[in-house]
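A.B. asks: Sequence and predicted structure, then a few things I'm wondering about:
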Amino acid sequence: MALVLLSGLLFAPDHAGLAIHPMDQFKIAPLFGGEHMSWFTPTNETLWMGLTVVGIVLLLVIGTRGRAIVPTRTQSVAEMAYGFVYKMVEDVAGKDAVKYFPGIMTLFLFIVFANFLGLIPKSFTPTSHIAVTAVLAMIVFVFVTVLGFVKNGAGFLGLFWVSSAPLALRPILAVIELISYFVRPVSHSIRLAGNVMAGHAVIKVFAGFAGALGLFSFLPILAISAVYALEVLVAFIQAYVFTILTCVYLKDALHPSH
């Protein structure tokens, strides 16, 4: 009964006393009005992805062009990000994976900037859409698969053959490993989009209650503050998880044998 009541509050029609629409913030809309959209129509999604790229350029190019011995704050942040991702690639995927560091660094920064820009009021979060995260996950999946065959040839199939298991179980485990491998881009993309979307939706729900409770609105406002602080942490953690899984997949491509 409580779930039915909550559902009615969240998705009530506009003429109702309390109408909260937490999913409206994820709607993709043309930047210059109208309702018709095609593949080349500028939207709020493309705008905030563009701002994400601009933010990365400002940090890594503009912010570090002085390269002072005593770094500025912007240069320090850029160097910390560089060192953090470099060490991650080296520790997880091995030293022979360092040559692929630029792509992984770009992936990490894009997700981090998109997540944090999405926490600005009235902004839009590109990583809340499965269409964006699925493209990122498929890029990783196709790249590591092609790399695995290029580097190892047919030996890459050793990734699916668990040689340490009893011989009778190896064919069954091979099927399980194969299914698990092709599910990677699904879990890789849904994890990021789902966590980002869920946090933003919860904040919108509490904001709706804050506007309706009058004198007691401080209660949902406190909840919003707590959830927002958690979302700041989630914004970084989800970028980290996406990147470290990419490093794990890269390691499998370079060293496929169990």
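C.D. replies: Great, that's in hand.

A.B. asks: element containing Ile190?
C.D. replies: Assigned by DSSP states H and E, Ile190 falls within helix 170-212.

A.B. asks: tell me which strands and helices that helix is in contact with?
C.D. replies: Here helix 170-212 touches helix 130-152, helix 218-254, going by 3 or more CB pairs under 8 Å, 6 or more residues apart in numbering; DSSP states H and E. Placement of C-beta: from N, CA and C, glycine included.

A.B. asks: report the angle between the axes of that helix and helix 218-254?
C.D. replies: 160 degrees (axes from the mean of the first three to the mean of the last three CA atoms, to 10 degrees).

A.B. asks: tell me the angle helix 170-212 makes with helix 130-152.
C.D. replies: Using the same axes, to 10 degrees, helix 170-212 lies at 150 degrees relative to helix 130-152.

A.B. asks: tally of neighbours for the closest residue to Leu250 other than its chain neighbours?
C.D. replies: Closest residue to Leu250 apart from its sequence neighbours, by CB to CB, 6 or more residues apart in numbering: Ala93 at 4.6 Å. Other residues lying near Ala93 total 24 when counted by other CB atoms under 10 Å.

A.B. asks: Out of the helices and strands packed on helix 170-212, the one nearest Phe113 is which?
C.D. replies: helix 218-254 (8.9 Å; CB to CB).

A.B. asks: The closest one packs against which elements?
C.D. replies: Under the contact rule (3+ CB pairs under 8 Å, 6+ apart), helix 218-254 is packed against helix 73-93, helix 101-117, helix 130-152, helix 170-212.

A.B. asks: Next, the contact list for Thr125, please.
C.D. replies: Residues counted as contacts of Thr125 (CB atoms under 8 Å, 6 or more residues apart in numbering) are 26, 48, 114-115, 117-119, 196-197, 200.

A.B. asks: again with Phe236
C.D. replies: Neighbouring residues of Phe236 by CB under 8 Å, 6+ apart: 112, 115-116.

A.B. asks: Could you dump the residues you listed into JSON lines and include distance to Ala239, pLDDT and neighbour count?
C.D. replies: Listed next are the contacts of Phe236 as JSON lines, based on distance: CB to CB, whole Å; pLDDT from 0 to 100; neighbours: other CB atoms under 10 Å:
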{"residue": "Val112", "distance to Ala239": "4", "pLDDT": "96", "neighbour count": "22"}
{"residue": "Asn115", "distance to Ala239": "6", "pLDDT": "96", "neighbour count": "26"}
{"residue": "Phe116", "distance to Ala239": "9", "pLDDT": "96", "neighbour count": "18"}
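
A.B. asks: can you put those in JSON lines and add distance to Leu173?
C.D. replies: Supplementary listing: those in JSON lines, determined by distance: CB to CB, whole Å:
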{"residue": "Val112", "distance to Leu173": "36"}
{"residue": "Asn115", "distance to Leu173": "36"}
{"residue": "Phe116", "distance to Leu173": "41"}
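
A.B. asks: Per-residue confidence, the residue most central in space within the chain, what does it come out as?
C.D. replies: Ranked by distance to the mean C-alpha position of the chain (CA atoms, centre = their mean), the top residue is Leu192 at 4.0 Å. pLDDT recorded at Leu192 is 94.

A.B. asks: Same check on the one 10 residues further on?
C.D. replies: Here, the pLDDT recorded for Val202 equals 90.

A.B. asks: Nearest spatial neighbour of the residue nearest to the centre of the chain, chain-adjacent residues omitted?
C.D. replies: Thr133 (4.6 Å).
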